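1. with the input below, show me the fold.
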Amino acid sequence: MNWSTENCTISRTMDILGDKWTFHVLREVFVGVRRFEDIRARAGVPRQVLTERLAALIERGLIRRHPYRLPGQRERSEYRLTQAGIDLYPVLVAMIQWADQYLPLDSGPPIEPRHRGDCGERVTVVMQCEGGHEPDPREVAFRPGPGAQPR
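-> Presented below is the predicted three-dimensional model:
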């Protein structure tokens with residue numbers, strides 16, 4: 001490990017996703033909850049925290065505001081995933097998959113990712129190399145990439 005971790009990919013990701021509430025907010029948007037008060041109520045996020053998390057997710061390009069107006073009311077915003085946000089879906093599914101295996105509830109999973117298509121089967125995340133193999137985690141090694149800097 002003769003390369004620096006100052007520009008670490010994991011650290012850059014955790015700068016965005018690593019606080020207590022971010023994935024709670026994303027979870028709600030992933031399942032179709034888009035309005036501030038609905039997100040706040042379902043996720044149990046304090047109002048100020050939700051305001052800050054939504055602003056950060058917008059700034060980082062994971063969600064975008066979409067205006068709407070109910071009759072007789074002022075314009076408000078819904079929050080929708082950008083492509084960068086949608087691309088986090090496998091991360092959410094992997095978290096669910098891991099928790100169902102290692103933190104199971106006696107009553108069973110409270111949420112299951114299912115294929116919306118005709119089959120309706122449970123969706124799982126599989127680690128796969130570009131050659132099409134499914135290596136065991138012990139068969140994966142981190143190597144310096146083109147952005148690696150010497151230590």
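
2. sec struct for Pro144, please.
-> Using DSSP: H, G, I helix; E, B strand; the rest coil, the structure places Pro144 in coil.

3. what do you get for Ser77?
-> In three-state terms, and counting by three-state DSSP, Ser77 is strand.

4. leaving out the residues flanking it, which one is nearest to it?
-> Nearest residue to Ser77, sequence neighbours excluded (C-beta to C-beta, 6 or more residues apart in numbering): Arg65, at 4.2 Å. Where C-beta positions appear, they are placed from N, C-alpha and C, glycine not excepted.

5. repeat that for Arg34.
-> Distances taken as C-beta to C-beta, 6+ apart place Glu78 nearest to Arg34, at 4.0 Å, with adjacent residues excluded.

6. distance check, the one you found against Arg40.
-> 13 Å (C-beta to C-beta, to the nearest Å).

7. now Ala94
-> In terms of C-beta to C-beta, Ala94 sits 26 Å off from Arg40.

8. more neighbours, the two?
-> Using other C-beta atoms under 10 Å as the criterion, Ala94 and Arg40 rank with Arg40 on top: 18 against 15.

9. where does this protein dip in pLDDT?
-> Counting by pLDDT under 70, the chain has low-confidence residues at 1.

10. all the strands of it, residue numbers only.
-> Ranges of strands within the chain are 63-69, 75-81, based on DSSP state E.

11. could you export those strands as a markdown table, including distance to Cys119?
-> Putting the strands of the chain into a markdown table (distance: least, C-beta to C-beta, whole Å) gives the following:
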| stretch | distance to Cys119 |
| --- | --- |
| strand 63-69 | 29 |
| strand 75-81 | 24 |
